[in-house]
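Enquirer: can't give you the sequence, but here's the structure:
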């Protein structure tokens, strides 16, 4: 190797190695002080891009978790308000049962109705004022909302609330009026009709049906339609004053039961023996008797909806018979002469807490089932100041409670779903954070070893540079020669 002064190759080499070790030492110091393996794109360009995508996902997931927890809070608020509404409806139902009892006077029922009115006003106020962060929850304005529970677009959960203003829910009802009484044959004709509820189901009507069996056919479709039916038979019977009657009664029984009585005047005292005669055999026939509101005749009732058949075995006296519908309206009166028979059929009430319609009525009109939408008997219309009003209130309240409980169950299911979503978000965020850490974070065990190596190389490089810089001094010995 030539001895030169202008170019000190050994020094240049030592400088380059020292610069490399200084850069490595600087990198180690930066990583150890920041805790990050990637402090700039030059450290790992691909790793930076991947870790930043992880960061976007992690931050999105963490916010989605907070969103889901906010959703739980909203649903808890709404469900709490509905619980209060349910408690009110339960109390109103209790008062309706109380009002329907015969021991109450008109004044008693008026006092009960006063409490009912106040309770329903409070239920309506709750529906109007229940809110979360300024959002009304139960007055129908909330409708359907999307909760963002994921880091990316479209990752949502839908929540829906109904309108719980007291004039907006209750019992949806469609009543089938009873056919007119007949002396022979059947009052029903063969046909079908559709109940269009949750799903559409077809119900068949046979000539041999009674209100009870037709109600059973409707109830067999309840799982599909959400509509339930009840049947009841009420018959108005009027007699002639001073006449002696012998009647054969058939309803729940297959063998007729005979009732015999004398009618005095057509008033409460004159008809007392008739009421007793029918009620004495009610355990067999299923037919109960009471005076009508005018006290000039009887109302015979079979609560199961079976036909009430009366055969006139009287010597000379006749009577009149008419079926009574759900609204208290009677069909045309039928005169039943001696040796003749009158068959009175019941009416059907179809009820649901959700809206429904009757359609495609084919030949079933004679059953009293009429096509059209059910009418809503709203909670706000409850009036327990009469016995009939109290009994009607029970149907309204049962449907109203079903609506409230159904919505509460929906809120509860959504809360469980949100909580499951939060758990999943936490797990996903944790796993993504671990993945990002493996790319982005400093491995201190490895980096401290590199730091030690760099420090040693730095010291050795400095010493060797000093030695390299002194090499040209050897040329001076040649010059002294």
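Expert: All right, it came through fine. Computed from a predicted model, the values in this text were never measured in an experiment.
Enquirer: my guess is residue 165 meets residue 136, correct?
Expert: No - using Cβ atoms under 8 Å, residue 165 is not in contact with residue 136; the gap is 10.8 Å. Every C-beta, even on glycine, is put in place using the N, C-alpha and C of the backbone.
Enquirer: so what sits against both of the two?
Expert: Common neighbours of residue 165 and residue 136 are listed as residue 128 (criterion: Cβ atoms under 8 Å, 6 or more residues apart in numbering).
Enquirer: what helices or strands is the lowest-mean-pLDDT helix or strand in the chain leaning on?
Expert: Of the helices and strands making up the chain, the lowest-confidence element is helix 474-480, at a mean of 78, by mean pLDDT, DSSP states H and E. On a contact count with 3 or more Cβ pairs under 8 Å, 6 or more residues apart in numbering; DSSP states H and E, helix 474-480 meets no helix or strand.
Enquirer: for that helix, which outside residues touch it?
Expert: Residues contacting helix 474-480 (Cβ under 8 Å, 6+ apart): 3, 4, 5.
Enquirer: tabulate the residues you listed (TSV), appending secondary structure and neighbour count.
Expert: Compiled in TSV, the contacts of helix 474-480 are given as follows (DSSP: H, G, I helix; E, B strand; the rest coil; neighbours: other Cβ atoms under 10 Å):
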residue	secondary structure	neighbour count
3	coil	10
4	coil	11
5	coil	10
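Enquirer: looking at those residues, which is nearest residue 148?
Expert: Nearest to residue 148 among the contacts of helix 474-480: residue 4, at 73.1 Å, using Cβ to Cβ.
Enquirer: report the contact partners of the closest one.
Expert: 472, 475.
Enquirer: state the distance from it to residue 15.
Expert: 17 Å (Cβ to Cβ, to the nearest Å).
Enquirer: sorry, back to before: would you turn the contacts of helix 474-480 into JSON lines with pLDDT and distance to residue 456?
Expert: Converted to JSON lines, the contacts of helix 474-480 look like this (pLDDT from 0 to 100; distance: Cβ to Cβ, whole Å):
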{"residue": "3", "pLDDT": "75", "distance to residue 456": "31"}
{"residue": "4", "pLDDT": "77", "distance to residue 456": "31"}
{"residue": "5", "pLDDT": "80", "distance to residue 456": "31"}
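Enquirer: out of the residues you listed, who's nearest residue 228?
Expert: Checking the contacts of helix 474-480 against residue 228 by Cβ to Cβ gives residue 4 as the nearest, at 111.0 Å.
Enquirer: phi and psi next, for that closest one.
Expert: With angles defined as degrees, to the nearest 10, residue 4 sits at phi -130, psi 160.
Enquirer: please apply the same query to residue 318.
Expert: The phi/psi pair for residue 318 (degrees, to the nearest 10) is phi -110, psi 170.
Enquirer: ok, the one 3 residues further on next?
Expert: The main-chain torsion angles of residue 321 are listed as degrees, to the nearest 10 and equal phi -140, psi 140.
Enquirer: relative to residue 263, how far out is the closest residue to it other than its chain neighbours?
Expert: Spatial nearest neighbour of residue 321, excluding adjacent residues (Cβ to Cβ, 6 or more residues apart in numbering): residue 342 at 4.0 Å. Distance, residue 342 to residue 263, by Cβ to Cβ: 17 Å.
Enquirer: neighbour-wise, which of these two wins?
Expert: Counting neighbours by other Cβ atoms under 10 Å for residue 342 and for residue 263 shows that residue 342 has the greater number, 24 against 21.
Enquirer: that one: what secondary structure?
Expert: strand (DSSP: H, G, I helix; E, B strand; the rest coil).
Enquirer: check contacts around it.
Expert: Neighbouring residues of residue 342 by Cβ under 8 Å, 6+ apart: 181, 182, 183, 309, 310, 312, 321, 334, 336.
Enquirer: restricted to buried residues, select those residues in ChimeraX.
Expert: To isolate in ChimeraX the members of the contacts of residue 342 that are buried, counting by 16 or more other Cβ atoms under 10 Å, one can use:
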select :181,182,309,310,312,321,334,336
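Enquirer: take the contacts of residue 342 and write them to JSON lines, including distance to residue 355, pLDDT and secondary structure.
Expert: Converted to JSON lines, the contacts of residue 342 look like this (distance: Cβ to Cβ, whole Å; pLDDT from 0 to 100; DSSP: H, G, I helix; E, B strand; the rest coil):
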{"residue": "181", "distance to residue 355": "33", "pLDDT": "80", "secondary structure": "coil"}
{"residue": "182", "distance to residue 355": "34", "pLDDT": "77", "secondary structure": "strand"}
{"residue": "183", "distance to residue 355": "40", "pLDDT": "74", "secondary structure": "coil"}
{"residue": "309", "distance to residue 355": "37", "pLDDT": "93", "secondary structure": "strand"}
{"residue": "310", "distance to residue 355": "39", "pLDDT": "95", "secondary structure": "strand"}
{"residue": "312", "distance to residue 355": "45", "pLDDT": "95", "secondary structure": "strand"}
{"residue": "321", "distance to residue 355": "36", "pLDDT": "93", "secondary structure": "strand"}
{"residue": "334", "distance to residue 355": "36", "pLDDT": "91", "secondary structure": "strand"}
{"residue": "336", "distance to residue 355": "41", "pLDDT": "93", "secondary structure": "strand"}
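Enquirer: which of the contacts of residue 342 sits closest to residue 66?
Expert: Closest approach to residue 66 among the contacts of residue 342 (Cβ to Cβ): residue 181, at 69.4 Å.
Enquirer: which residue ranges form the helices in the stretch 151-300 of the chain?
Expert: Counting by DSSP state H, counting those that start in this stretch, the stretch 151-300 of the chain has helices at residues 211-219, 222-225, 272-280, 282-285.
Enquirer: rewinding a little: partners of the residue nearest to residue 321 in the sheet?
Expert: Assessed by DSSP bridges, residue 342 has beta-bridge partners residue 310.
Enquirer: what separation do you get for it and residue 297?
Expert: If you go by Cβ to Cβ, the gap between residue 342 and residue 297 works out to 14 Å.
Enquirer: next: residue 138.
Expert: In this view, residue 138 and residue 297 are 48 Å apart by Cβ to Cβ.
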